[in-house]
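Participant: I'd like to go over a predicted model; first the sequence, then the structure.
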Amino acid sequence: MNIALIAHDAKKKLMQNFCIAYRGILSKHSLYATGTTGRLIEEVTNLSIHKYLAGHLGGDQQISAQIEHNDIDLVIFLRDPLAKAHEPSINNIAKFCDMFNIPLATNLATAELLIKSLDRGDMEWREMYK
């Protein structure tokens, strides 16, 4: 499965801790991230991550394009609900996830549910959409 990992600045440490906790599961999949988030995850986990530009430099749009082409199976976007400047990026990502039935987690609780579901094999239905 192709997993996109994105985190607003206030949630980057949380994303690192999430990836440390679920490193075993994540290591079995192809990971994509915005530049800074990907670098920070790699530093603490040694996971191999395809990194796009930093979010504010267009990385969010690059991931949106990959979602739009149905090349992503799961998105974990730990967002800061108080970060008004980034609303267009989360709105685009959410729109494309809805269009292509791609699971999207925007908080830690949902991210943990999706990653455990992925580990159980509950996400195999995504293969139908490719």
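Facilitator: Sure thing, it's come through.

Participant: residue contacts, I63?
Facilitator: Contact analysis of I63 by CB atoms under 8 Å, 6 or more residues apart in numbering lists 4, 6, 32, 34, 52, 72, 75, 93. Using the backbone N, CA and C atoms, a C-beta is placed for each residue, glycine as well.

Participant: where exactly do the strands run in the protein?
Facilitator: 2-7, 30-33, 49-51, 74-78, 104-105 (DSSP state E).

Participant: now those strands as TSV including distance to R23?
Facilitator: TSV is the format used below for those (distance: least, CB to CB, whole Å):
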stretch	distance to R23
strand 2-7	12
strand 30-33	11
strand 49-51	12
strand 74-78	14
strand 104-105	17
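
Participant: make TSV out of the ones you listed and add mean pLDDT and distance to I63.
Facilitator: Output for the strands of the chain, formatted as TSV (pLDDT from 0 to 100; distance: least, CB to CB, whole Å):
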stretch	mean pLDDT	distance to I63
strand 2-7	96	5
strand 30-33	98	6
strand 49-51	97	10
strand 74-78	96	8
strand 104-105	97	12
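
Participant: possible to save those as JSON lines with distance to Y22 and mean neighbour count?
Facilitator: Formatted as JSON lines, the strands of the chain follow (distance: least, CB to CB, whole Å; neighbours: other CB atoms under 10 Å):
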{"stretch": "strand 2-7", "distance to Y22": "10", "mean neighbour count": "25"}
{"stretch": "strand 30-33", "distance to Y22": "11", "mean neighbour count": "22"}
{"stretch": "strand 49-51", "distance to Y22": "14", "mean neighbour count": "17"}
{"stretch": "strand 74-78", "distance to Y22": "10", "mean neighbour count": "25"}
{"stretch": "strand 104-105", "distance to Y22": "12", "mean neighbour count": "20"}
